[in-house]
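Colleague: 3D model of this:
(chains A and B)
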Amino acid sequence: MTLRIDPEKNEVRALKAMTHWRGKRVLEIGCGNGRLTRRLANLGAHVDAIDPDKKLIAAARKELPTRYSDRVRHKVGSALDLKYPKQTFDIVVFSWVL
Amino acid sequence: MVHALHEAQRVLQPDGILFDLRPAPVHRRVGIQSDQGYREIGAMREDLTDDYFANRAVKQVLREGLFKSEKFTQFNCNRVMGSLKEFSAWLLDFTTLGREHSSAHDWLLERVERAYHATPGKKKIIIHSPLVLRRLRNLAG
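Modeller: So this is what the prediction gives:
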């Protein structure tokens, strides 16, 4: 058995209850190994996922199922200096980083 | 933290949504689930200072009028581990990343080890960690 986080999926259930995700352009800050990114993509969001840790971004890319590859982009990046133009996203998620 | 919220506001559409998802400022509880049921072993003593700083940062951007707080919820998020080795590795990572000394939770590891070995049959180590989720609306346009 490997470590499992939130097997009950309470996290994504709470996020789903708070807004509509389908077709939305989302920035996830602090994506880690992409656990939540995949769940947001599964809700129909287009996700730009960033994390300052290169190794975690590599792991997230590796773990991403091909069915989400047109909807998810991973990038090394910091919350303090977002490399995106103004007003790019419908939703920003601080994922366990604030 | 306030600067990160300002950056997020910059890249958000007018009327866009910011979600702040993170562990609640409470101590995580550790227990063992087996055929005999769930048994709590102890609560961690992690430093919660960063959580309070994060709350203050959110309050500041609300005061600045950048966002409006719309919704808040708290729910449980479990971490499930099938072995002492996994728990030990997680605990080490956790204390290394935090403000605590690396030996701050040795007492908990020892207590979990004893309880784990004393529990017969199939068992899992469970860490209960409530999460908070806030929905903030971008007011700048």
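
Colleague: List the buried residues for the worst-scoring helix or strand of chain B on mean pLDDT?
Modeller: The weakest-scoring helix or strand in chain B, judged by mean pLDDT, DSSP states H and E, is helix B:84-97 (a mean of 84). Using 16 or more other C-beta atoms under 10 Å in any protein chain shown as the test for burial, helix B:84-97 gives B:86-87, B:91, B:94-95. No exception for glycine: its C-beta is placed from N, CA and C like everyone else's.

Colleague: And chain A, is that helix touching that?
Modeller: Yes - using C-beta under 8 Å from any C-beta of the partner chain, helix B:84-97 reaches chain A at B:86, B:90.

Colleague: circling back: take the buried residues of helix B:84-97 and write them to JSON lines, including distance to B:Lys123.
Modeller: Shown next, in JSON lines, are these (distance: C-beta to C-beta, whole Å):
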{"residue": "B:Glu86", "distance to B:Lys123": "12"}
{"residue": "B:Phe87", "distance to B:Lys123": "11"}
{"residue": "B:Leu91", "distance to B:Lys123": "17"}
{"residue": "B:Phe94", "distance to B:Lys123": "21"}
{"residue": "B:Thr95", "distance to B:Lys123": "23"}
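
Colleague: can you confirm B:His6 is in a strand?
Modeller: No - counting by DSSP: H, G, I helix; E, B strand; the rest coil, B:His6 is located in no strand; its state is helix.

Colleague: which secondary structure elements does the worst-scoring helix or strand of chain A on mean pLDDT contact?
Modeller: Across the helices and strands of chain A, mean pLDDT, DSSP H and E gives its lowest value to strand A:4-5, namely a mean of 88. On a contact count with 3 or more C-beta pairs under 8 Å, 6 or more residues apart in numbering or on different chains; DSSP states H and E, strand A:4-5 meets strand B:67-81.

Colleague: Can you show me the helices along chain B?
Modeller: With DSSP state H, the ranges of helices along chain B come out as B:2-11, B:49-63, B:84-97, B:106-118.

Colleague: Up against chain A, what does chain B have?
Modeller: So chain B meets chain A at B:1, B:3-5, B:7-8, B:10-14, B:16-23, B:54, B:57-58, B:71, B:73, B:75-83, B:86, B:90, B:124, B:131, B:133, B:135 (C-beta under 8 Å from any C-beta).

Colleague: Give me the three-state assignment for the residue nearest to the spatial centre of chain A.
Modeller: Nearest to the mean C-alpha position of chain A, counting by C-alpha atoms, centre = their mean, stands A:Thr37 at 2.9 Å. Under three-state DSSP, the three-state class of A:Thr37 is helix.

Colleague: That one and B:Ile126: what is the separation?
Modeller: Separation of A:Thr37 from B:Ile126 (C-beta to C-beta, to the nearest Å) stands at 24 Å.

Colleague: Show me the shaky parts of chain B.
Modeller: By pLDDT under 70, the weakly predicted segments of chain B are B:96-102, B:104, B:141.

Colleague: Quick check, the residue in it closest to chain A?
Modeller: B:Gly82 (2.8 Å; C-beta to the nearest C-beta).

Colleague: Please consider this matter closed, and thank you.
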